[in-house]
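Participant: Quick one, what's the 3D model for this:
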Amino acid sequence: MKKQTMPTIASAIVALATLSACGGGSSSAPEAEPASPKARIAALEASGALPKLERTDTVDGLDTNADGIRDDVEAFISTHYSTPEQQAASRQFASVMQAAMLVDKEDIAAVKAISLRSSRAVNCIYTRFDPDGDIKPAAVVQELRSISTNTKQRLLAYLAYAKALDGTTSALPEGDTCE
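Facilitator: Next comes the predicted model:
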């Protein structure tokens with residue numbers, strides 16, 4: 001088994017940068033650009049340029065079917081990934097992201113268990129998405145990480161998880177790791 005380092009704070013910062021980089025582009029007709037970042041995000045969501053994501057003031061968000069994945073993330077997965085296998089792999093990783101944000105960061109055994117699940121979920125994504133296809137596996141992982149950490153509280157919770165893993169290593173799983 002190969003060794004890998006655990007998620008870095010840099011990957012979480014990329015998620016934050018993705019959220020804060022939402023700016024306007026040029027257009028042929030002069031339009032008044034929304035004044036606040038919230039208004040700009042709402043305009044981008046309305047246009048379809050950004051997915052409509054839930055932004056409640058909680059880390060866990062809305063999960064009406066209690067499957068461990070926020071409803072908005074689930075909706076994103078069902079509309080953005082075409083095959084049932086890709087959707088299942090994406091849901092597996094989304095579930096791990098949710099668990100990583102909610103895990104007790106003081107419980108190192110629980111944190112490491114989430115890390116193992118994360119490695120298995122990432123491996124699953126790499127077996128279900130063609131690296132030479134339109135949707136690259138690495139892009140799926142980054143995209144799901146970004147939409148899962150779409151608020152300051154969620155990003156901080158994920159950063160705390162990553163910090164709890166700081167200095168640890170894990171083995172890359174082999175074989176079929178899809179659930």
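
Participant: hey, where'd the helices end up in the protein?
Facilitator: For the chain, helices defined by DSSP state H occupy the ranges 9-20, 37-47, 71-80, 84-102, 108-128, 137-148, 152-164.

Participant: so which of those helices gets nearest residue 178?
Facilitator: helix 108-128 (4.0 Å; CB to CB). Bear in mind the C-beta positions are built from the backbone N, C-alpha and C, glycine included.

Participant: Which strands or helices does that closest one pack on?
Facilitator: Taking 3 or more CB pairs under 8 Å, 6 or more residues apart in numbering; DSSP states H and E as the contact definition, the neighbouring helices and strands of helix 108-128 are helix 84-102, helix 137-148, helix 152-164, strand 169-171.

Participant: Save these as JSON lines, and put in distance to residue 51 too.
Facilitator: Output for those, formatted as JSON lines (distance: least, CB to CB, whole Å):
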{"stretch": "helix 84-102", "distance to residue 51": "13"}
{"stretch": "helix 137-148", "distance to residue 51": "6"}
{"stretch": "helix 152-164", "distance to residue 51": "15"}
{"stretch": "strand 169-171", "distance to residue 51": "30"}
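
Participant: that older thread, weakest of the helices of the chain by average pLDDT?
Facilitator: Within those, confidence is poorest for helix 9-20, with a mean of 44 (mean pLDDT).

Participant: Format the helices of the chain as CSV; extra columns: mean neighbour count and distance to residue 58.
Facilitator: Below are the helices of the chain laid out as CSV (neighbours: other CB atoms under 10 Å; distance: least, CB to CB, whole Å):
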stretch, mean neighbour count, distance to residue 58
helix 9-20, 15, 17
helix 37-47, 13, 18
helix 71-80, 17, 13
helix 84-102, 21, 10
helix 108-128, 18, 19
helix 137-148, 20, 13
helix 152-164, 19, 7
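
Participant: Any idea which of those gets closest to residue 171?
Facilitator: So among these, helix 108-128 is nearest, using CB to CB, at 7.7 Å.

Participant: by how many degrees do the closest one and helix 137-148 diverge?
Facilitator: An angle of 130 degrees separates the directions of helix 108-128 and helix 137-148 when computed by axes from the mean of the first three to the mean of the last three CA atoms, to 10 degrees.

Participant: So which residues make contact with helix 108-128?
Facilitator: Taking CB atoms under 8 Å, 6 or more residues apart in numbering as the criterion, the residues outside helix 108-128 that touch it are 4, 6-7, 83, 85-86, 88-90, 92-93, 95-96, 99-100, 103-105, 137, 140-141, 161, 164-165, 168, 170-174, 176-179.

Participant: hmm, 7 Å instead?
Facilitator: 6, 85-86, 89-90, 92-93, 96, 99-100, 103-105, 137, 140-141, 161, 164-165, 168, 170, 172-173, 176-178 (CB atoms under 7 Å, 6 or more residues apart in numbering).
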